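1. Here is the input, now give the coordinates:
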Amino acid sequence: MSRILGTLLLIAAALPLAAQDTTKAAAPPPPTPAPAPAVAVAEAAVARAIVDRVPQDTGTAFPDTVGTLVFFTKVSGAPAGAATTIHHVWFHGDTQVADVELQVGGSPWRTWSKKTIPADWKGAWHVEIRDASGTVLKRVDFTVGQ
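-> All right, here's what the predicted structure looks like:
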């Protein structure tokens, strides 16, 4: 047994020793990729109409006879040619009454959705602009018939 141990020690002594250089700093980690640009709301408004991609007769209070309202949004930060979407989520009081998915084709980009407003749906309304993951980017409040 001691002969085997002696032989192993001789073999180990004959092998070259590997040195470790501790004076060099470790290589920095590779840079993390930049996050995808976030879509930001540049402008949002409730209006009676859109003419030449511009909201007309905007406001925060409308009569119960308004019939239809348009929610206009101008966004920035969307990459050109990418499949980017936003949602206009319409609420009467706390009840969601519509969720309209809209395609965004670049930056800046203007888009809108329409909602028929029944005359008996008076009171507080709001529209939330949400990104594709459901994050609320902006909320616009308005009233009908008050």
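2. Do a quick rundown of the helices in the protein.
-> Using DSSP state H, the helices of the chain run over residues 2-14.
3. The residue nearest to Gly67 when sequence neighbours are not counted: what's it in contact with?
-> Leaving aside its chain neighbours, Gly67 sits nearest to Ile117 (6.5 Å; criterion: Cβ to Cβ, 6 or more residues apart in numbering). Quick note: C-beta positions are derived from backbone N, CA and C, even for glycine. By Cβ atoms under 8 Å, 6 or more residues apart in numbering, the residues touching Ile117 are Phe62, Asp64, Val66, Gly67, Thr68, Leu69, Trp125, Val144.
4. distance of Ile117 from Ala82?
-> Distance from Ile117 to Ala82, counting by Cβ to Cβ, to the nearest Å: 34 Å.
5. Okay, and the beta partners of His88?
-> His88 forms beta bridges with Val100, Ile129, as assigned by DSSP bridges.
6. pretty sure it is in contact with Val75, am I right?
-> No. In this structure, His88 is not within contact of Val75 by Cβ atoms under 8 Å, at 11.5 Å.
7. so what's the residue nearest to the spatial centre of the chain scoring on pLDDT?
-> In the chain, the centroid-proximal residue (Cα atoms, centre = their mean) is Asp131; its distance is 3.9 Å. As predicted, Asp131 sits at a pLDDT of 94.
8. picking that back up, select only the buried ones of the contacts of Ile117 in ChimeraX?
-> Buried residues within these, by 16 or more other Cβ atoms under 10 Å, are selected in ChimeraX with:
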select :62,64,66,69,125,144
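9. taking the contacts of Ile117 one by one, which sit in strands?
-> Judged by DSSP state E, the subset of these located in strands is Phe62, Thr68, Leu69, Trp125, Val144.
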